[in-house]
Structure formats: C-alpha cells, structure tokens
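Asker: everything below, folded, please.
(one chain, ligands or ions: 1)
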Amino acid sequence: MASSEMNNGAAAGMRPNHLRIATEEAWATREMLNLYRRMLAQGKIDDPGFNSLWGFYLNSPSARATAIIERLQEMGEPRIRDMDASGIDKQILMLTSPGVQVFDAATAVAVAKSSNDELADCVRRYPTRYVGMAAVAPQNPAEAAKELERGVRQLGFKGAILNSHTLGEYLDDPKFWDIFAAAEALDVPVYLHPNSPSKGLIEPLLTRGLDGAIYGFGVETGMHLLAIITSGVFDRFPQLQIVVGHLGEALPFWLFRLDYMHRATVNSRRYEFMKPLKKQVSDYLRENVFITNSGMAWAPAIMFCQQVLGMDRVLYAMDYPYQYVPEEVREMENSPLSAADQKKFYQLNAEKVFKL
Ligand code: CA
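Answerer: Numbers count the residues shown, from 1 in each chain. The predicted structure follows:
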C-alpha cells in the first residue's frame, strides 16, 4: 500500500488521515456486454428501461458513452491509475446494472458464475485495491443463494449485488427470499443498486427523458427499498443488512412522513395485504440499511443523512465510471465534518459493513 498511498496523496493534495474506500463502483464483462448488444440488435427485450439505457451506452458515439463502455471493461492498470488520480484506495466492485437480471434464467445463472470467476481473478491481481461483490440471478432464487455462498466462501466476495427489479419483479415477493436468507446466514450485506424503472413504472419518465440516473433510477430503487421494508423482509430476517446508494434514493428525506403514513395506512386497514410491522419504517432504515453517497458529492445532503440515520450508517461511494470526477473527492474533504467523522465516512463504516 505504501506506494499507492503516496500516489494518492500527491494526486489529491494533502494526504488525509484515512483510506478512501469507494463502495459502489461498476465493472462489466465483455461477455455480458456482447449479450446486451445481441439482444438490442434482435429487439427482443420487453424492457423499455433496458433498451433506453443500454441502447444509449452501447450505440451512442458520444464521448460519455464511449469512455464509460471502455472504463467498465478495463480492470487493469488504467483503472488503478484512475483510482490513484482521484485518491481512491479501494473499490468495492459490482457488475454494472442490470447485470444478469435481464436474461432468461439459465443464461442469468451461467453469466453470474462466469462473471464472478472473472472478478475473483481481478481481485487476486489487485488484492489491496479491489473488493468483489457476487452477481446472482434472482430468476432462479435457489441458484442465486448457492452462488452467493460460493462467492463468499470460495471467491472471497463481501456480499451480493442486486440491481433492483428483475424483469419487472421485486424482492418483496417471498419467492426471492432464499437470497435474503443466504445473505443473513453468511452475514454479508446485499447492495440494492438501481435499475431503470420497470416496464410498469417507466412510461411518464421515459417520455420526458427522466428514466435514467437523473431521477428514474431513484424512483425505482427508493420504491423498491420501501417495498422490501413494508413487506416485512426485516421482521423475517432481522440481521439482514441492505446497502443502498445515492443517499438512500431519497428515503431519508421522507422518514417522518413514511412513519406517519405507514402507521395510518395499516391502522385504517386500507389495504388488507399491508400488515403491521414490528418497528417503524425509520427504525429499519436506521438498523438494517446502510446508505452510500454514490453520485451525490454534496456535503449538505450527506450531513442531513448522517444526522437522521446516524454517523455509522453513511458510506462514501464515487459511482465510477459513471460519475468519475477526480476533483469531487478533494472538494468533499473540505466538508465541515470532524476528522474522526470523515474517517468513518470514507473508511471505517465500509470496513465494518463489508468486513474488510
Ligand atoms: Ca452505480
């Protein structure tokens, strides 16, 4: 680590008194992107969010799209140089959205395995810089649970990556709960990363160009996390920890109203299926959820989340390569947080959640 620490210090100004662990960083295999290309060309995917997102990234000649496609697949020295240039010590790596969750079940299971093997090789090449998260295929929940166990026990991964909906289905459906049971038993977190809004949710966003990371990802993923909470997942799996990006996909801002209206809705029996929970919605967000500031390099919002969720619940993330702005890292170090709280945000919370 000594030489890379000096590099980081030189690139990012004065060396801080903590590591910087970026906790929501993306990569992609050639195999998966080729499958995406083929599916787009055949026009077979009944998922307007996928077609919008990957139709852009794989077909646009824009500098943004071409640079991101190149960086997603680059796992060697150029990625390490980008980390050094921005002062990032470690990346927590996850197969980019929607990962395998757009394939048929057999393909999804196979591509999850092959991409996990490939990622494990990358981590072996850069063991002090990369940390792996296991891709799993919710299309086959039993296989997903087995692949998570293989990822953690055999490949050294630190959790699972799930990219929100799977072909329009959400993880509040108990048919997926083998995955949560496995994560709880293995004592590893699940990262609930955005996907484009599902077919049933996307139309008014898509027709206005708001389906992507600008807003649609947050609508999709915040709703998904809330549905996981209100379905009782955390009463069933009280030790489960879910990590969610983009400062909790806006849910921290809603805490007060979520508690009040969830209670009012349950008590009035407006929906027969909405059952009472053991705790308030906000309790689950404080006890079972960690949030990262991926794509939100903005001190006022970070500090609000730290205030309402707790200093131990908010982690640093960059969202490389989708939001690779090296200066952001240095600017955020100028926030009014104490050195001890900066160290929690950039390093200690991530070491605890991912058991580094
Ligand atoms: Ca991301």
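Asker: so Ala120 touches Gly156, yeah?
Answerer: Yes. Assessed by C-beta atoms under 8 Å, Ala120 is found in contact with Gly156 at 6.9 Å. To be clear about C-beta, it is placed using only N, CA and C from the backbone, and glycine gets the same treatment.
Asker: overlap in contacts, the two.
Answerer: The contact sets of Ala120 and Gly156 overlap at Gly132 (C-beta atoms under 8 Å, 6 or more residues apart in numbering).
Asker: what's the residue of the stretch 201-350 of the chain found nearest the ion in contact with, if anything?
Answerer: Closest to the ion within the stretch 201-350 of the chain is Asp319: 4.5 Å, counting by C-beta to the ion. Asp319 sits next to Glu24, Glu25, Ala26, Gly245, Ser294, Gly295 when contact means C-beta under 8 Å, 6+ apart.
Asker: how near is it to Gly168?
Answerer: In this view, Asp319 and Gly168 are 25 Å apart by C-beta to C-beta, to the nearest Å.
Asker: now do the SS call for Pro321.
Answerer: Of the three states, Pro321 takes coil under DSSP: H, G, I helix; E, B strand; the rest coil.
Asker: ignore the last one, Asp312
Answerer: With three-state DSSP as the basis, Asp312 sits in helix.
Asker: can you pull the pLDDT of Met1?
Answerer: For Met1, the pLDDT comes out at 37.
Asker: begin at 41, not 1, for the rest of this chat.
Answerer: With the count now opening at 41, the last piece we talked about shows up as Met41.
Asker: can you tell me the element the closest residue to Val306 other than its chain neighbours falls in?
Answerer: Distances taken as C-beta to C-beta, 6 or more residues apart in numbering put Pro316 closest to Val306, at 5.2 Å, once the chain neighbours are dropped. Assigning secondary structure by DSSP states H and E places Pro316 outside every helix and strand.
Asker: neighbour count winner among Ala160 and Gly196?
Answerer: The residue with more neighbours, out of Ala160 and Gly196, is Ala160; 18 against 13, by other C-beta atoms under 10 Å.
Asker: now do the same contact list for Thr106.
Answerer: By C-beta under 8 Å, 6+ apart, the contact set of Thr106 is Ser100.
Asker: for it, give me phi and psi.
Answerer: Per-residue torsions, Thr106: phi -70, psi -40 (degrees, to the nearest 10).
Asker: distance-wise, check Val284 relative to Phe257.
Answerer: Taking C-beta to C-beta, one finds Val284 at 11 Å from Phe257.
Asker: kindly report the same for His302.
Answerer: Separation of His302 from Phe257 (C-beta to C-beta) stands at 23 Å.
Asker: what do you get for Ile128?
Answerer: For Ile128 relative to Phe257 (C-beta to C-beta), the value is 22 Å.
Asker: what segments of the stretch 41-190 of the chain are strands?
Answerer: Counting by DSSP state E, counting those that start in this stretch, the stretch 41-190 of the chain has strands at residues 61-67, 130-135, 170-172, 174-175.
Asker: right, and those - which one's nearest the ion?
Answerer: Judged by C-beta to the ion, the one of the strands of the stretch 41-190 of the chain that comes nearest to the ion is strand 61-67, at 5.0 Å.
Asker: report the angle between the closest one and strand 130-135.
Answerer: Between strand 61-67 and strand 130-135, the angle comes out at 30 degrees (axes from the mean of the first three to the mean of the last three C-alpha atoms, to 10 degrees).
Asker: check contacts around Asp122.
Answerer: Counting by C-beta under 8 Å, 6+ apart, Asp122 has contacts Arg111, Tyr360, Pro361, Tyr364, Pro366.
Asker: let's see 7 Å
Answerer: If a contact means C-beta atoms under 7 Å, 6 or more residues apart in numbering, then Asp122 has Tyr364 as its contacts.
Asker: looking at Ile128 and Phe257 now, which is surrounded by more residues?
Answerer: Ile128 (28 against 25).
Asker: look up how far Ile61 lies from that one.
Answerer: Taken as C-beta to C-beta, the span from Ile128 to Ile61 is 8 Å.
Asker: state the pLDDT value of the most far-flung residue of the chain relative to its centre.
Answerer: The centre of the chain is farthest from one residue, Ser308, which by C-alpha atoms, centre = their mean lies 34.8 Å away. In this prediction, Ser308 carries a pLDDT score of 97.
Asker: ok, now how distant is it from Val365?
Answerer: 47 Å.
Asker: count the neighbours of Leu266 for me.
Answerer: Neighbours around Leu266, by other C-beta under 10 Å: 19.
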